[in-house]
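**Q** this one's sequence-less:
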């Protein structure tokens, strides 16, 4: 059986020892969730632990994800406004990251950009990085992009993105795009 504590999940058999629970409580109360390696698989919650997806990735940027573990960034239902900023999803161990919203009803977890005056991409992975899994989102803008060149989900410059079966993109000039030697697996995406 697995055990969880303050958003962290340790998989496998047995339970989390009292010593580990105490150390995790100490780290959480100090505002430092520790290094992702050494604590096993973790779940990061947006917005309850980190206000935005970008904040979660910024926190992960200085941490190494141990081989064989997975970091899940779980985004709560609702409309999450990213006006004026693209969200960069790069991480050296990004193949071990799962970014998930509502995997049953993606229209319940909306990522929106309300600034329609400029060409701001939504979510992007670039420069040879990989995002191991993304699913359960409706990526949109408050109005159609028109001639403002924007992409809802972008793999750029040798990047790779693997989409789950429940992704939706609307109102971007390009819904999902892979450029300059990049790859996106998005077999069931609705654009």
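**A** Everything's here; your move. Note that the structure is predicted; figures quoted are calculated from it, not measured.

**Q** going forward, measure contacts and count neighbours with C-alpha atoms only.
**A** Noted.

**Q** So the residue most central in space within the chain: helix, strand or coil?
**A** Central residue of the chain (C-alpha atoms, centre = their mean): residue 99, 3.4 Å from the mean position. Using DSSP: H, G, I helix; E, B strand; the rest coil, the secondary structure recorded for residue 99 is strand.

**Q** Residues in a beta bridge with it, which ones?
**A** residue 73, residue 134 (DSSP bridges).

**Q** Contact partners for it?
**A** Residues in contact with residue 99 (C-alpha atoms under 8 Å, 6 or more residues apart in numbering) are 72, 73, 74, 75, 133, 134, 135.

**Q** So for stretch 152-163, first residue to last residue, what's the gap.
**A** One end of stretch 152-163 sits 13 Å from the other (C-alpha to C-alpha, to the nearest Å).

**Q** How far off centre is that stretch?
**A** 13 Å (C-alpha atoms, centre = their mean, to the nearest Å).

**Q** for the record, mean pLDDT for that stretch?
**A** Averaging pLDDT along stretch 152-163 yields 96.

**Q** hang on, the earlier thing: and of the contacts of residue 99, the nearest to residue 58?
**A** residue 73 (12.2 Å; C-alpha to C-alpha).

**Q** I figured that closest one was touching residue 98, is that so?
**A** Yes - using C-alpha atoms under 8 Å, residue 73 is in contact with residue 98, at 6.1 Å.

**Q** Of all pairs in the contacts of residue 99, which one is the farthest apart?
**A** Top of the distance list for those (C-alpha to C-alpha): 75 and 133, 13.5 Å.

**Q** Report the set of residues contacting both of these two.
**A** With C-alpha under 8 Å, 6+ apart as the test, residue 75 and residue 133 both reach 99, 100.

**Q** Of those two, which one has the most company?
**A** residue 75 (25 against 19; other C-alpha atoms under 10 Å).

**Q** quick one: that one and residue 43, what's the gap?
**A** 10 Å.

**Q** Over to residue 54?
**A** From residue 54 to residue 43 the distance is 15 Å (C-alpha to C-alpha).

**Q** ok, now residue 87?
**A** 19 Å.

**Q** Can you give me the end-to-end span of stretch 125-133?
**A** 12 Å.

**Q** now do stretch 53-70
**A** Per C-alpha to C-alpha, the first residue of stretch 53-70 is 16 Å away from its last.

**Q** May I have the residues that are in contact with residue 177?
**A** Contacts of residue 177 by C-alpha under 8 Å, 6+ apart are 151, 153, 154, 155, 184.

**Q** correct me, but the fourth one touches residue 161?
**A** Yes - shown here, residue 155 and residue 161 form a contact pair, counting by C-alpha under 8 Å, at 6.5 Å.

**Q** My guess is residue 144 contacts residue 174. True?
**A** No - in this structure residue 144 lies outside contact range of residue 174 using C-alpha under 8 Å: 10.5 Å.
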